[in-house]
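Engineer: fold the following for me, if possible:
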Amino acid sequence: MTQSKSSFKVIVVGAGPSGLLLGLLLSKHGISVTILDAAEGLDHRPRATHYGPPAVHELRRAGVIDDVLAEGFIARKICWRKLDGTYLTGLDNDVLGDHADRVVCLPLDKLGKVLARHLQQQPTAEVKWNHSVTGIGQSDDKAWVDVSTADGDIKMEADYIVGCDGANSQIRRSLHGDWNFPGKTWNQHIVATNVYYDFGKYGYEDANFIIDPEHWHMASRISKDGMWRVSYGEKGGFSQEELAARQPMKFEKMLPGNPKPEQYKLANFSPYRVHQRLAERMRVGRFLLAADAAHLCNPFGGLGLTGGIVDVGGLSDCLYGIWSGQAEPDILDIYDTVRRQKYRDMVDPISSENLLRMFSDPETCLEPGKDEFLTLCLKAEKDVEFAREMALGINALQYDFTKHYKKVE
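Structural biologist: Predicted coordinates for the structure are as follows:
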């Protein structure tokens, strides 16, 4: 017997931006969605900031792009420099003009607030805080999660359950095992900071990648009020206290003007380890994974954030197709195959190259044969059409799952 649309239900585990976006995309079709999160409310950590064109496309589809741009801004030029500020090469997103999705900048915690505000307007969506998933199960016709709440343990059922619960995903660990997340952890620490400092007077662009064997870092404008994200590398082995003690020295060595602590305002300091990992499967029966729950990469280039949002957009099309009767459930196997392949072919190799580039030799990186990507950037600076092709290359992360809908005779 065919299930009615009204009884179809999706549970999303994780109320971060990927989970909220999936809930919004589904509920705007009228699909019943419940989002569960163990926390008391939205995550206020700043975290990632840059959304590539494929992610902007999904934010536009969700109807939130105007609010995102009202709080954030369109990032223009990205460049690579030496430690002394010497310009090496760059990409100017202005070549795309005003009629294309372009890189947008907004700290992830602010995106979460935008998405939550829009989600509250959807009658078929709800978010349940302080709901911690402790176990999972499924049968041929339903899936369920065991949930710990302030009022006791409960069981919640749905047609499909999606893990959008981040790098330490309980859904992924329940499906594949606590320690089964294939890939690697980089030896380097990344220290992400938010700082108020006048990079503009030193001629810095919106995003600047500084290549240096020791003091490699990225400095990107992330707000309209003068806040910048500075993410830099440290060797492994330091404790958080040692990393904090080294921060003033690192800023004095790295930042233009070699400032002392009294010359800038440090708003956030967050060291973390970085990984390149991909789950064995992104679909196991009626359970699905998306974004950081499914795959991780280092932050240089924004491919983790952009790739995760593209996951969510594609998955929403697959689930909508099933709900509307336009697609068979095996479209979710295609989702699993395609999104994992996109990670292997694009996200993993490109993001890895982006990180390795950071601590390469800045004196030789532009020499022929040294760094193919930087060589292409040099070409793009002299060829507008080629520059457009490069700027739009990231759109290869997208995939149109609707082409697998049933053909209407």
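
Engineer: how far away is the residue nearest the centre of the chain from Cys297?
Structural biologist: For the chain, Leu305 is the residue whose C-alpha lies nearest the centre (C-alpha atoms, centre = their mean; 1.0 Å). Distance, Leu305 to Cys297, using C-beta to C-beta, to the nearest Å: 10 Å. The way it works is simple: take the backbone N, C-alpha and C, and place the C-beta from them, glycine included.

Engineer: contact partners for Lys82?
Structural biologist: Applying C-beta atoms under 8 Å, 6 or more residues apart in numbering to Lys82 gives the contacts 88, 210-212, 362-363.

Engineer: which of those residues are buried? Put it as a ChimeraX command.
Structural biologist: In ChimeraX, this line selects whichever of those come out buried by 16 or more other C-beta atoms under 10 Å:
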select :88,210,211,212,362
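
Engineer: now the contacts of Lys82 in JSON lines, with secondary structure?
Structural biologist: What follows is the contacts of Lys82, written out as JSON lines (DSSP: H, G, I helix; E, B strand; the rest coil):
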{"residue": "Leu88", "secondary structure": "strand"}
{"residue": "Ile210", "secondary structure": "strand"}
{"residue": "Ile211", "secondary structure": "strand"}
{"residue": "Asp212", "secondary structure": "coil"}
{"residue": "Pro362", "secondary structure": "coil"}
{"residue": "Glu363", "secondary structure": "coil"}
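
Engineer: about what we covered before: so what's the residue nearest to the centre of the chain up against?
Structural biologist: If you count contacts by C-beta under 8 Å, 6+ apart, then Leu305 has 48, 50-51, 55, 108, 299 around it.

Engineer: just the ones in helices from the residues you listed, please.
Structural biologist: Among those, the ones falling in helices (DSSP state H) are 55, 108.

Engineer: farthest pair in the contacts of Leu305?
Structural biologist: Ala55 and Pro299 (14.1 Å; C-beta to C-beta).

Engineer: which stretches in the stretch 151-300 of the chain count as strands?
Structural biologist: 152-158, 160-163, 183-196, 207-211, 217-221, 227-234, 265-278, 283-284, 287-289, 295-296 (DSSP state E, counting those that start in this stretch).

Engineer: nearest to Gln120, of the contacts of Lys82?
Structural biologist: Ile210 (41.2 Å).

Engineer: shouldn't Val13 be in contact with Ile161?
Structural biologist: Yes - using C-beta atoms under 8 Å, Val13 makes contact with Ile161 at a distance of 6.7 Å.

Engineer: so which of these two has more stuff around it?
Structural biologist: Val13 (30 against 27; other C-beta atoms under 10 Å).

Engineer: apart from its neighbours in sequence, what residue is nearest the more buried one?
Structural biologist: Leaving aside its sequence neighbours, Val13 sits nearest to Asp165 (C-beta to C-beta, 6 or more residues apart in numbering; 4.8 Å).

Engineer: list the contacts for that neighbour?
Structural biologist: Counting by C-beta under 8 Å, 6+ apart, Asp165 touches 13-14, 16, 19, 37, 133, 171-172, 293.

Engineer: give me the pLDDT for it.
Structural biologist: If you check Asp165, the pLDDT there is 97.
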